[in-house]
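*Asks:* sequence? don't have it. structure:
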């Protein structure tokens, strides 16, 4: 059942792995380099979402540059 959910990209249920991300120092970078940060964060978001998808992750929520992701297995969350 878990493998079927995983392959169908359904949100994990039961035991899973939660990952929180945040871009360190981004508030200061936004103040100094707003145009560059807009481009950098757009690329960051695109790459993080692609990586999450490639490793059977599920995006729970985002706020600013922070992501909360769920994975079925710890190995999926740690994959490159």
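*Replies:* That came through, no problem. In this text, all values refer to a predicted model and were calculated from it rather than measured experimentally. Residues are numbered from 1 along each chain as shown.

*Asks:* can you map out the helices along the protein?
*Replies:* Taking DSSP state H to define them, one finds helices in the chain at 2-7, 26-32, 34-54, 74-78.

*Asks:* need the least confident one among the ones you listed, by mean pLDDT.
*Replies:* Of all the helices of the chain, mean pLDDT reaches its minimum on helix 2-7 (a mean of 64).

*Asks:* quick one on the thing from earlier: generate a markdown table for the helices of the chain, with distance to residue 14 and mean neighbour count as supplementary columns.
*Replies:* From N, CA and C alone the C-beta is placed, and that goes for glycine too. Putting those into a markdown table (distance: least, Cβ to Cβ, whole Å; neighbours: other Cβ atoms under 10 Å) gives the following:
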| stretch | distance to residue 14 | mean neighbour count |
| --- | --- | --- |
| helix 2-7 | 8 | 13 |
| helix 26-32 | 33 | 12 |
| helix 34-54 | 19 | 13 |
| helix 74-78 | 14 | 14 |
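
*Asks:* now the ones you listed as a markdown table including distance to residue 15?
*Replies:* Compiled in a markdown table, those are given as follows (distance: least, Cβ to Cβ, whole Å):
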| stretch | distance to residue 15 |
| --- | --- |
| helix 2-7 | 9 |
| helix 26-32 | 32 |
| helix 34-54 | 19 |
| helix 74-78 | 10 |
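
*Asks:* Of those, give the one that comes closest to residue 18.
*Replies:* With Cβ to Cβ, the closest approach to residue 18 among those belongs to helix 74-78: 8.4 Å.

*Asks:* And the contacts of the closest one?
*Replies:* With Cβ atoms under 8 Å, 6 or more residues apart in numbering as the test, helix 74-78 has contacts from 6, 17, 19, 55, 56, 57, 69, 71.

*Asks:* about what we covered before: out of the helices of the chain, which comes closest to residue 64?
*Replies:* helix 26-32 (7.3 Å).

*Asks:* what residues does stretch 18-37 touch?
*Replies:* Outside stretch 18-37, the residues that touch it by Cβ under 8 Å, 6+ apart are 40-41, 44, 48, 57, 60, 64-71, 77.
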